[in-house]
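1. Predicted model follows, preceded by the sequence.
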Amino acid sequence: MVPGIYIHIPFCLSKCGYCDFYSVTSTEKIPRYIDALLKEMKMYRGRFESVDTLYLGGGTPSLLDSNQLADVVKNIHEHFTVSADAEITIEANPGDITREKAESFFEAGINRISIGIQSFDDSTLSFLGRRHSSTGAISAIDNVRKAGFDNIGLDLIYGVPGQNLESWLKTLHTALSFDPEHLSCYQLTIEPSTPLGAKYRAGEVETPDDNILCEFFMKTSLLLEESGYTHYEVSNFAKGPEYMSRHNRKYWDHTPYLGLGPAAHSFAGNRRWWNHRSVDRYIEEVDRRIPPIEKSELLTRTQLRLEALYLGLRTAAGIDLRNFAERHSLNLLEEKRDILAAMRDEGLITIDNTHIRPTRRGLAMADSMALI
Ligand code: SF4
């Protein structure tokens, strides 16, 4: 259980109408934010000593210039022991990825890049309020490959109002033509606090119904598996085990992780804590040498078990029964016999002597399996 580090870069050039991740659109605070971030790293020296993943997410990490980025990665190496084969990922917006920028990622030691393509259809991109076009997305992929990246992930969104199955499959086929090592296919969630949420409440947008969304999911899973990808988590597909996101797996199996930056979440043992969702407050508290933590909570044994069940059933690897019994002091097959049998009879899970695993239909229904 080697921990990982997540860094939240809370800046975007514009806000996409569907997004409720924390970010601000004024980039002049980036230098002060970087200063604070380097100071926050120091606060955790000795507490998260060895790590084997670093994930720069956002917001838009690709807005950092090459010196800022190199500084962040260099300081992580100075304050923590980063394993030699660490997975170091950056999320990048296609609108930022020039050839020079992609080369600067590579030179900073980043070895995995997750590109927020979302769609290759310009009308879908415009509905989502993205600042790139399909042509821009294609040239970003080209620039990243030419810079030397051999571990590329493309992030896509389905279930967008106005998008039909045919246009989604076209986007998927275009994505496949670039032979990415990883694909994330997220179903659009309408978050109440976003402009899209307001339009939805006003009846200005219609979303596809659950049966159609299930069809999107099943067709996506089948097409990508036929194309050589493993569907290893509800929204994630990899060309082989070596391309499955090592960092994200830490979130799914309760491996400790440290989150740095505004709104970043951390987890260790049975404690979860998160930073203030405000760049100003974050900078202010770090400058006063106060950990910029907004809140922390201790999870009870029951909460940890429920999370482990919920998260485990979202992954193709499923739940390792022996491991679960050791970590959570619970014999699942005995304690949850009836509900598990009902789920198996409905074709949602398979059960053998060592594992409970979701079927493809089970992955499609993973959210409702939270009821277990
Ligand atoms: S989707 Fe990404 S680029 Fe758009 S506002 Fe959210 S974090 Fe920024």
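-> Looks like it arrived, so ask away.
2. Tell me which residues touch residue 308, please.
-> 253, 254, 319, 324, 327, 328 (Cβ atoms under 8 Å, 6 or more residues apart in numbering). Where you see a C-beta, it was placed from the backbone N, CA and C, and this is true even at glycine.
3. ok, and the closest non-adjacent residue to the third one?
-> Just to be clear, that refers to residue 319. With sequence-adjacent residues excluded and distances taken as Cβ to Cβ, 6 or more residues apart in numbering, residue 319 is closest to residue 312, at 3.9 Å.
4. Neighbours of that neighbour, how many?
-> Residues near residue 312, counting by other Cβ atoms under 10 Å, number 23.
5. What of the one 5 residues further on?
-> In terms of burial, residue 317 registers 15 neighbours under the definition other Cβ under 10 Å.
6. ok so, going back, among the contacts of residue 308, name the buried ones.
-> Buried members of these, counted by 16 or more other Cβ atoms under 10 Å: 253, 254, 319, 324, 328.
7. Out of the residues you listed, flag the one nearest to residue 160.
-> For those, the residue nearest residue 160 by Cβ to Cβ is residue 253; the value is 30.8 Å.
8. Next, give phi and psi for the closest residue to residue 118 other than its chain neighbours.
-> Excluding the flanking residues, the one nearest residue 118 by Cβ to Cβ, 6+ apart is residue 157, at 4.8 Å. When read as degrees, to the nearest 10, the backbone of residue 157 gives phi -130, psi 130.
9. My understanding was that residue 157 contacts residue 130; is that so?
-> No - between residue 157 and residue 130 there is no contact under Cβ atoms under 8 Å: 9.6 Å.
10. Quick check: neighbours shared by these two?
-> Common contact partners of residue 157 and residue 130 (Cβ under 8 Å, 6+ apart): 118, 119.
11. Flag every residue of the stretch 101-250 of the chain that's near the ligand.
-> Contact residues, the stretch 101-250 of the chain versus the ligand (Cβ under 6 Å from any ligand atom): residue 116.
12. for the stretch 101-250 of the chain, what spans make up the strands?
-> Using DSSP state E, counting those that start in this stretch, the strands of the stretch 101-250 of the chain run over residues 112-118, 152-158, 182-187, 230-233, 236-238.
13. where does residue 77 land in three-state SS?
-> helix (DSSP: H, G, I helix; E, B strand; the rest coil).
14. What residues does it make contact with?
-> residue 109.
15. how close does it get to residue 171?
-> 37 Å (Cβ to Cβ, to the nearest Å).
16. In three-state terms, label whichever residue of the stretch 251-372 of the chain sits closest to the ligand for me.
-> Taking Cβ to the nearest ligand atom as the measure, the point where the stretch 251-372 of the chain comes nearest the ligand is residue 263, at 11.1 Å. Secondary structure assignment for residue 263 (three-state DSSP): coil.
17. do the helix or strand harbouring residue 285 and the ligand meet?
-> Using DSSP states H and E, residue 285 maps to helix 279-287. No - Helix 279-287 does not reach the ligand (Cβ under 6 Å from any ligand atom); its nearest approach is 13.7 Å.
18. Thank you, goodbye.
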